[in-house]
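Student: What follows is a predicted structure for the sequence shown.
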Amino acid sequence: MAQSLRLGVNIDHVATVRNARGGKLPDPLRAAALATKAGADGITAHLREDRRHIVDADIEALMRELTIPLNFEMAATEEMVRIALRHKPHAACIVPEKREERTTEGGLDAAGQHNHLKPMVARLRDAGIRVSLFVEADERQLEAAVTLGVPVVELHTGRYCELEGAAQKAELERLRRGAALCGRLGLECHMGHGLSYADVGPVAAIPEVRELNIGHFLVGEAIFVGLEVAIREMRRLIDEARKGST
Ligand code: PXP
């Protein structure tokens, strides 16, 4: 039997809707509380450099009020390291960030940025934060993660979700190989980005995967069925796929 699979709910886009009007509603903290009630195992929030969705006050409120772990997504900058060290969230996931991108495009170049990342990872780790790197399912990147001393990587599922047919199958195979390599290297394997009801099953069935982080689809689906119902349905699909995995 595969080990249990945690669901991290990313609430960034509740903040996107709030910020469209500049007021206080909808409140990402209320979304986090509902997600908790619906069975989320953790809350994920990405404080981007331009604060386009989550803002500093959201992180403060989440750290104060959350009853489940916060996974703080951050770029590898001095500003973000300082914020993470101030709040000491359960986990910090280092992601690549470009100002002009619409969402996180591609994984972090952990191998190419080794010298930049090493001291940042060490400072976060020394503060007791569980550090992960958001990377492509690529041998070079996974080996770099080991060298950097992180316990966790999150493999980027964006391309898998965008592709169709044989190309999607090939990308799923690449994710499977990446997850298996994580197992051999002693890295805990998470996955996320772009996942929806339509494509979560095959990823959830990969036995080495221990956590999925899902946001945009759930917030979109919440418009039609409510956040709690959307999360419960995602949880059901994940559990069902997991049952069939070995
Ligand atoms: N994991 C990481 C590292 C991300 O950067 C994001 C997007 O912020 C997600 C998961 C969630 O992706 P989505 O919102 O497309 O479900």
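Tutor: Yep, it's here.
Student: quick one: the helices in the chain?
Tutor: 12-21, 28-37, 56-65, 78-87, 114-126, 139-148, 158-162, 165-185, 200-204, 216-225, 227-243 (DSSP state H).
Student: which one of those lies closest to residue 210?
Tutor: Closest to residue 210 of these is helix 165-185 (Cβ to Cβ; 9.4 Å). Where you see a C-beta, it was placed from the backbone N, CA and C, and this is true even at glycine.
Student: burial of residue 111, as a residue count?
Tutor: By other Cβ atoms under 10 Å, 18 other residues sit near residue 111.
Student: which ones are touching the spatially most central residue of the chain?
Tutor: The structure's the chain has its C-alpha centroid closest to residue 213; by Cα atoms, centre = their mean the separation is 4.0 Å. Counting by Cβ atoms under 8 Å, 6 or more residues apart in numbering, residue 213 touches 8, 9, 10, 44, 71, 93, 154, 190, 191, 192, 193.
Student: try 6 Å
Tutor: Contacts for residue 213 (Cβ atoms under 6 Å, 6 or more residues apart in numbering) come out as 8, 10, 44, 192.
Student: Tell me how far the nearest residue in space to the last one that is not next to it in sequence lies from residue 173.
Tutor: Sequence neighbours aside, residue 213 is the residue nearest to residue 192 in space, at 3.5 Å (criterion: Cβ to Cβ, 6 or more residues apart in numbering). If you measure residue 213 against residue 173 using Cβ to Cβ, to the nearest Å, the figure is 21 Å.
Student: so where's this structure shaky on pLDDT?
Tutor: Residue ranges of the chain with pLDDT under 70: 1-2, 99-101, 103-104, 246.
Student: and it, which residues reach the ligand?
Tutor: Residues of the chain lying close to the ligand by Cβ under 6 Å from any ligand atom are 10, 12, 46, 73, 93, 95, 103-104, 134, 154, 192-195, 213-217.
Student: Now which of the residues you listed would you call buried?
Tutor: Taking 16 or more other Cβ atoms under 10 Å as the criterion, what is buried in the residues of the chain next to the ligand is 10, 12, 46, 73, 93, 95, 104, 134, 154, 192-195, 213-217.
Student: Alright, I will stop here.
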